[in-house]
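J.: Return a 3D structure for these sequence lines:
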Amino acid sequence: IASRNDTPHWCREVIKLYVMDEKRNITWHDMVHHAVIRPSYSKVRHLEEIRAKFSVSWSEMLFFDDESHIYREATRLGVKVVQVSCGVTKRHFAKGFSMFQQNTSTSSNK
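T.: Presented below is the predicted three-dimensional model:
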């Protein structure tokens, strides 16, 4: 997770409490391997730092954002982006995970 927010401690609490699967009691925190939450600055720089820190390619990154210009910038880099308008929902996660599955099946067919 890369979040540009002036209240990182609050964001971390939301991640711990947001239930993704009620039947199995799985939270967003259970599904997230890495989170970088910092006060406001360049989102592209933020993504570059995450890419370097975790040695992943742009295409291995999944990004959710509500700002159109950031969506376009991240897409140009090759990041998988889901544009949201009022926060991230389970539907947005499903769309993002579907994008990864499509990429994986395309890669394995080559």
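J.: What segments of the protein are helices?
T.: For the chain, the helices defined by DSSP state H cover 8-17, 28-31, 43-54, 68-77, 90-108.
J.: is it possible to export those helices to CSV including mean neighbour count, mean pLDDT and distance to Gln83?
T.: No exception for glycine: its C-beta is placed from N, CA and C like everyone else's. CSV is the format used below for the helices of the chain (neighbours: other CB atoms under 10 Å; pLDDT from 0 to 100; distance: least, CB to CB, whole Å):
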stretch, mean neighbour count, mean pLDDT, distance to Gln83
helix 8-17, 13, 87, 19
helix 28-31, 15, 85, 19
helix 43-54, 15, 85, 13
helix 68-77, 15, 90, 5
helix 90-108, 12, 76, 9
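J.: Asp65 - how many residues pack around it?
T.: Applying other CB atoms under 10 Å, we find 20 residues neighbouring Asp65.
J.: In contact with the residue lying closest to Leu77 once chain neighbours are set aside, which residues?
T.: Spatially, and ignoring its direct neighbours in sequence, Leu77 is nearest to Trp58 (4.8 Å; CB to CB, 6 or more residues apart in numbering). Each residue near Trp58 by CB atoms under 8 Å, 6 or more residues apart in numbering is listed here: 51, 77-79.
J.: From those residues, pick the one nearest Phe100.
T.: Among the contacts of Trp58, Val79 lies closest to Phe100 (CB to CB), at 11.7 Å.
J.: Pull the number of nearby residues for the closest one.
T.: When neighbours are counted by other CB under 10 Å, Val79 registers 22.
J.: Make sure it is actually in contact with Val44.
T.: No - using CB atoms under 8 Å, Val79 is not in contact with Val44; the gap is 9.6 Å.
J.: measure the most centrally placed residue in the chain to Ser55 for me?
T.: The residue lying closest to the centre of the chain (CA atoms, centre = their mean) is Phe63, at 3.5 Å. Note on Phe63: its distance to Ser55, by CB to CB, to the nearest Å, is 17 Å.
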